[in-house]
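[1] got a sequence here, can you build the structure:
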Amino acid sequence: MKKNYLINLISIRFFILLIFISILSSNCMDCFHSGYGVVIDGNSNNPIDSVLIEAFLLDKNESVFIEQIYTDSIGRFAIGSGNLSKKGCNKDFIIILSKSGYKNSVVYKPKDDTIFLEKIDYKREYLDKIFKR
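    Numbering: from 1, shown residues only. Below is the predicted model:
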């Protein structure tokens with residue numbers, strides 16, 4: 001009789017421990033946002049180094065700046081948010097790419113993307129402004 005009582009007591013304690021652990025783990029859920037890829041010149045198809053990449057989390061009400069990096073010598077990048085609270089998991093991850101002489105680009109959830117940046121044609125833009133094309 002005592003043996004069955006001890007087994008039941010141990011089973012109940014184990015069950016309570018499992019419930020406690022599952023509650024804790026659901027409240028401490030890890031959440032990461034990350035992106036990676038390569039940036040290429042849209043005209044020459046050569047990689048572009050030193051492109052500024054800024055990561056943001058967006059939702060309907062706000063944008064949160066996460067991090068900024070530069071592409072390496074062969075145009076590659078990898079950027080991430082680090083560990084976020086559950087609240088950050090519901091936001092969209094975007095990056096903004098910019099480099100002098102190129103048009104800015106926005107990419108939604110980049111995953112092994114090849115991103116083509118187009119050079120700015122300053123002469124054409126100047127003429128368009130003058131002649132209001």
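
[2] can you give me the helices for this protein?
    Using DSSP state H, the helices assigned to the chain run over residues 2-27, 86-89, 122-131.

[3] go through these and find the least confident stretch.
    Mean pLDDT per stretch puts helix 2-27 lowest among the helices of the chain, at a mean of 49.

[4] show me what counts as buried in stretch 117-133.
    residue 117 (16 or more other Cβ atoms under 10 Å). Where you see a C-beta, it was placed from the backbone N, CA and C, and this is true even at glycine.

[5] over to stretch 72-83?
    Quick answer for stretch 72-83 (16+ other Cβ under 10 Å): 75, 77, 79, 81.

[6] what is the nearest of those residues to residue 52?
    Taking Cβ to Cβ as the measure, residue 52 lies nearest residue 77 of the buried residues of stretch 72-83, at 10.0 Å.

[7] which residue comes closest to the closest one once chain neighbours are left out?
    Nearest residue to residue 77, sequence neighbours excluded (Cβ to Cβ, 6 or more residues apart in numbering): residue 71, at 4.8 Å.

[8] and the one you found, what is it in contact with?
    Taking Cβ atoms under 8 Å, 6 or more residues apart in numbering, we find residue 71 in contact with 38-39, 47-51, 53, 77.

[9] can you add pLDDT and distance to residue 67 and give those back as JSON lines?
    Output for the contacts of residue 71, formatted as JSON lines (pLDDT from 0 to 100; distance: Cβ to Cβ, whole Å):
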{"residue": "38", "pLDDT": "95", "distance to residue 67": "18"}
{"residue": "39", "pLDDT": "96", "distance to residue 67": "16"}
{"residue": "47", "pLDDT": "97", "distance to residue 67": "21"}
{"residue": "48", "pLDDT": "96", "distance to residue 67": "19"}
{"residue": "49", "pLDDT": "96", "distance to residue 67": "19"}
{"residue": "50", "pLDDT": "97", "distance to residue 67": "16"}
{"residue": "51", "pLDDT": "97", "distance to residue 67": "14"}
{"residue": "53", "pLDDT": "95", "distance to residue 67": "9"}
{"residue": "77", "pLDDT": "94", "distance to residue 67": "11"}
